[in-house]
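>>> fold the stuff below for me.
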Amino acid sequence: MRLASPIFKGIVFLCAGQVLLAAGPPPPIPAWLKKHVGEGEDQIAGAVFERARALYFRKSAEGEIRNPCYFAMDATRPHALSDGRLGKRFYIICEAARSFRAIPAGHGGGRDLQGVVDFSNGKLCAKNFSNAIDSKLTAGGDYITGDTKTSFKGYYRSAAGQDRILERTFLTFHGEGETANARLREIGGHAALALKKVCLRKKPHSSYANGAGYVSYGELINYAGGRSDGCTSWSPGDAHSIIALVKNAPTTLYIYPEAADIEAVAKSGSARPSRDGTYWNTYCLDQIQSPQFWRREALEPLLAQYEKDHPSAPPQHPPICKEP
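All right, here's what the predicted structure looks like:
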């Protein structure tokens, strides 16, 4: 069986009668791949790469995955750059096809609980990380991904004046250890597309119409340069390629940094790689001064108390659209 994505043609993997890799350390790094390891703009840092590769080969040996590609993300790198470009920090690595791609990806925006605590992140560099429920922050660690769910978001008007449908596919991340609550947090990846200024318009013949014959309409926005609610967001084109790559073939995703890395860098104040493999992107460490990991045990009670003191208003139905 061949991989569905046209970007990765020629990659073959076994199904029935699959021969599993022997347990043990990963095989030697191929020469073509070594040139992609480093701290340059289109490279992956050594610490991130080694952990991502070890996770992939371990899960392959255990028979949990059979995809010839794996993913990694370095959330210590910059995202929205000052010159308008987006920093590349999500990696698609297919060793069998000798393929390596570095693409942009958003990080969790966090929250500012005014008067209580502020753990929000800017667009450029992430300072705050957590696996706390409702924190809307990125959590580093081991994940397996492959399950998808596509949802209807509404209609929007194209530049040509035609009605278009926005359906967004969500790629679920299943975590282990500190990220084991990823499903409970509804953490995953998706295209950075959404609708704003949503209203209801009569469209009774639409299969998406409600009982009164109305559907949602809004203005389409692409927030690839912004932040997320803790999920990983990609450009529409990159999201399509990634989701096609794992369709019917789950694979691994390693997100850096983990809690221990964050706390070690915060203590040492150094971005340079240490003996235990921790490192930080030099530019971003200069921007944020010191990273912080918010442990669930400390942050979730604050979030719960804040929600109790500031109950959400009852959900409001969107207004009826004003016809042009």
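
>>> residues touching Tyr156, list them.
Neighbouring residues of Tyr156 by C-beta atoms under 8 Å, 6 or more residues apart in numbering: Asp163, Arg164, Leu166, Leu195, Tyr217, Gly218, Glu219, Leu220. For every residue, glycine as well, the C-beta is placed using N, CA and C.

>>> which members of those are classed as buried?
The neighbour-count test (16 or more other C-beta atoms under 10 Å) applied to these identifies Leu166, Leu195, Tyr217, Gly218, Leu220 as buried.

>>> grab the nearest non-local neighbour of the last one.
What it means is Leu220. Distances taken as C-beta to C-beta, 6 or more residues apart in numbering place Tyr156 nearest to Leu220, at 4.2 Å, with adjacent residues excluded.

>>> can you check Arg101 too?
Excluding the flanking residues, the one nearest Arg101 by C-beta to C-beta, 6+ apart is Ile92, at 4.4 Å.

>>> which SSE is the one you found in?
In this structure, Ile92 is located in strand 90-94 according to DSSP states H and E.

>>> give the next helix or strand downstream of that strand.
Past strand 90-94, the next helix or strand by DSSP H and E is strand 99-103.

>>> helices or strands up against the next helix or strand after that next one?
Per DSSP H and E, strand 99-103 leads on to strand 112-113 as the next helix or strand towards the C-terminus. The contact analysis (3 or more C-beta pairs under 8 Å, 6 or more residues apart in numbering; DSSP states H and E) places strand 112-113 against helix 296-309.

>>> list the contacts of the helix it packs on.
Outside helix 296-309, the residues within contact range by C-beta under 8 Å, 6+ apart are Arg111, Leu113, Val116, Val117, Phe119, Ser130, Asn131, Ala132, Ile133, Asp134, Ser135, Asn181.

>>> now do 7 Å
With contacts defined as C-beta atoms under 7 Å, 6 or more residues apart in numbering, helix 296-309 is touched by Leu113, Val116, Val117, Ser130, Asn131, Ala132, Ile133, Asp134, Ser135.

>>> could you identify the buried members of those residues?
With neighbours counted by 16+ other C-beta under 10 Å, the contacts of helix 296-309 contain buried members at Leu113, Ser130, Asn131, Ala132, Ile133, Asp134, Ser135.

>>> dump the residues you listed to JSON lines, plus distance to Thr251 and pLDDT.
Supplementary listing: the buried ones among the contacts of helix 296-309 in JSON lines, determined by distance: C-beta to C-beta, whole Å; pLDDT from 0 to 100:
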{"residue": "Leu113", "distance to Thr251": "36", "pLDDT": "95"}
{"residue": "Ser130", "distance to Thr251": "25", "pLDDT": "97"}
{"residue": "Asn131", "distance to Thr251": "21", "pLDDT": "96"}
{"residue": "Ala132", "distance to Thr251": "27", "pLDDT": "97"}
{"residue": "Ile133", "distance to Thr251": "26", "pLDDT": "95"}
{"residue": "Asp134", "distance to Thr251": "28", "pLDDT": "95"}
{"residue": "Ser135", "distance to Thr251": "26", "pLDDT": "96"}
